[in-house]
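S.K.: Model the structure of this input:
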Amino acid sequence: MAQNVYIIGAGRTDFKRNAKKEGIGLRELILEAGRAAIADARIDPADVESGVVGNFAAGLFTRQLHLGAFLTEIDSALRGLPTLHTEAACASGGVAVLNGIQQIMGQIHEVVLIVGVEQQKTMSPADGADVLGAAAEYAREKQRFGAFVFPKLFAEIARVYQERHGLTERQLALVAVKNYAHARSNPQAQMRDAVLSLGNASQESEGNPRIAPPLKVTDCSQITDGAAALVLCSEGFLRELMGRKASGARAAARLVGFGHTTDYLPLERKQIPEFPQARRAARQAYEMAGLQPTDIDAAEIHDCFTISELVGYEVLGLCEPGQAAQLLESGATALPEVRSLISMATPKRSIPVNPGGGLLGDGHPVGATGVRQVAEAYRQLTGTAGPRQVRGARRVLTCNVGGSFTSNVVMIWERP
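M.R.: The predicted structure follows:
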């Protein structure tokens, strides 16, 4: 890479909150997360040279767009800041981070503030699901699948995977059980107070109906309000910052590789469950970093549905095709503290996936998710993840997906 890029600060909101009930909106969520990231970075707001907001559907959920303008309210020093808004469905946040990375790599700016945000709890679940359907090819796939398009799209992925490789509802449920258990160690996770047993997750019930067979409600991520933010900077700025009086040692994570691909919009035009364009994004990231999947210590994988985490294991090369459920059942992708919920065996290799709870447990404020994943990677690499810390983590991969594996953003971060 021409210019090294670092994360030096991160912030976020509590994903359990309901913004509408609090009488707040996108402005307040952006301000809270952005200010937290700048404070965490211990920089002067005037150091920020550019801003990017990742968001999917604020215009539909809240009737509010032009979100970059809210960054100027974080501090008066940011008035006049160049800003923009990125949209790539559920990968909107990941694309926002990449935009900031490229501004720094291209030596356009030295310090970039990234905020991902979504406010979804503004309408009924059915109406909200219809908004989310805009991440598919709405006219054609809405007509084919009807209401709740995305659960049905991912149910189709699960069905094809079952036919190809075999997959049980118990194995799907294990993903949810693991990620809910991880979320209990995350004080800002939406489902931190929830306890999900394998029995409840794997069985259809009145409280856990099959929303799109074989997927049940517990196989689906939550409707979430929230924001997450990062401060990215160049290596030159980081050196200058460390040289400032009383600045001291800096916690930082360094980017070593990324990949970004886009596939056809409708699911029927993609190769299921191989998703070669998603694999291509992973390959780009590994090649840029000069690494292999075995070099990764932890991963944030886009588990909008349980099947998407399993497909992600294979897309990212963590296991061979058709072996995702076996990798999960080995306990390798669970934090050691919760591994007994998944397996009594000791895995040959440990690679915790979604240690903060992922989309299933932490929550899925769509435009914030890709930013939140990178913020979690930063926490893991700087040893500030608290009880969910992956011991000895040196490299963390993030995989943010928009639509039915349409937009794919993979990044690899390491401890300097």
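
S.K.: Relative to residue 29, how far out is residue 108?
M.R.: Here the criterion is Cβ to Cβ, to the nearest Å. By it, residue 108 lies 27 Å from residue 29. Glycine gets a C-beta too; all of them are placed from N, C-alpha and C.

S.K.: quick one, which of these two is more surrounded?
M.R.: Set residue 108 next to residue 29 and count neighbours by other Cβ atoms under 10 Å: residue 29 wins out with 28 against 12.

S.K.: Quick check: phi and psi on that one?
M.R.: With angles defined as degrees, to the nearest 10, residue 29 sits at phi -60, psi -40.

S.K.: Next up, the contacts around it.
M.R.: Residues near residue 29 by Cβ atoms under 8 Å, 6 or more residues apart in numbering: 13, 19, 117, 119, 225-227.

S.K.: Which residue, other than its chain neighbours, is closest to it?
M.R.: residue 227 (4.0 Å; Cβ to Cβ, 6 or more residues apart in numbering).

S.K.: elements contacting the strand or helix carrying the one you found?
M.R.: Assigned by DSSP states H and E, residue 227 belongs to strand 226-234. Strand 226-234 sits against strand 5-12, helix 26-41, helix 92-105, strand 111-118, helix 366-381, with contacts defined as 3 or more Cβ pairs under 8 Å, 6 or more residues apart in numbering; DSSP states H and E.

S.K.: Tabulate the CA atom coordinates of the next helix or strand after it in PDB.
M.R.: Where DSSP H and E defines the elements, the next helix or strand beyond strand 226-234 is helix 235-243. Provided in PDB are the C-alpha atoms of helix 235-243 (Å, rounded to 0.1, in the frame of the first residue of the first chain):
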ATOM      1  CA  GLU A 235       1.200   7.000   9.400                       C
ATOM      2  CA  GLY A 236       2.700  10.500   9.200                       C
ATOM      3  CA  PHE A 237      -0.100  12.000  11.300                       C
ATOM      4  CA  LEU A 238       0.200   9.200  13.800                       C
ATOM      5  CA  ARG A 239       4.000   9.900  14.200                       C
ATOM      6  CA  GLU A 240       3.300  13.600  14.600                       C
ATOM      7  CA  LEU A 241       0.600  12.900  17.200                       C
ATOM      8  CA  MET A 242       2.900  10.700  19.200                       C
ATOM      9  CA  GLY A 243       5.400  13.500  19.200                       C
END
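
S.K.: which parts of the helix or strand following helix 235-243 are buried?
M.R.: Sequence-wise, the next helix or strand beyond helix 235-243 is strand 253-262, with elements assigned using DSSP H and E. Neighbour counts over strand 253-262 (16 or more other Cβ atoms under 10 Å) mark 253-262 as buried.

S.K.: Contact partners for the residue nearest to residue 29?
M.R.: Contacts for residue 227 (Cβ under 8 Å, 6+ apart) come out as 12-13, 29-30, 32-34, 115-118, 365, 368.

S.K.: Alpha carbons only: can I get stretch 354-365 in PDB?
M.R.: Output of stretch 354-365 as PDB, limited to C-alpha atoms (Å, rounded to 0.1, in the frame of the first residue of the first chain):
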ATOM      1  CA  ASN A 354     -18.200 -12.200  16.100                       C
ATOM      2  CA  PRO A 355     -16.900 -12.000  19.700                       C
ATOM      3  CA  GLY A 356     -19.000  -8.900  20.400                       C
ATOM      4  CA  GLY A 357     -22.200 -10.700  19.300                       C
ATOM      5  CA  GLY A 358     -22.300 -10.000  15.600                       C
ATOM      6  CA  LEU A 359     -25.400  -8.700  13.900                       C
ATOM      7  CA  LEU A 360     -27.500 -11.400  15.600                       C
ATOM      8  CA  GLY A 361     -26.400 -10.500  19.100                       C
ATOM      9  CA  ASP A 362     -24.900  -7.000  19.000                       C
ATOM     10  CA  GLY A 363     -27.600  -5.700  16.600                       C
ATOM     11  CA  HIS A 364     -27.800  -4.500  13.000                       C
ATOM     12  CA  PRO A 365     -28.300  -0.800  12.500                       C
END
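
S.K.: any idea of the mean pLDDT in it?
M.R.: Stretch 354-365 carries an average pLDDT of 98.

S.K.: try stretch 403-410
M.R.: Rounded mean pLDDT across stretch 403-410 is 98.

S.K.: Now do the end-to-end distance for it.
M.R.: With Cα to Cα, to the nearest Å as the measure, stretch 403-410 spans 15 Å from end to end.

S.K.: With stretch 115-122 instead?
M.R.: 20 Å.

S.K.: what's the model's confidence in it, averaged?
M.R.: Averaging pLDDT along stretch 115-122 yields 98.

S.K.: which residue ranges form the strands in the stretch 251-400 of the chain?
M.R.: 253-262, 298-301, 395-402 (DSSP state E, counting those that start in this stretch).

S.K.: Determine which of the ones you listed approaches residue 185 most closely.
M.R.: Closest to residue 185 of the strands of the stretch 251-400 of the chain, according to Cβ to Cβ: strand 298-301, at 13.7 Å.

S.K.: Centre of the chain to stretch 382-396, how far?
M.R.: 17 Å (Cα atoms, centre = their mean, to the nearest Å).

S.K.: hmm, back to that, who wins for proximity to residue 356 among the helices and strands packed on strand 226-234?
M.R.: Here helix 366-381 is closest among the helices and strands packed on strand 226-234 (Cβ to Cβ), at 4.8 Å.
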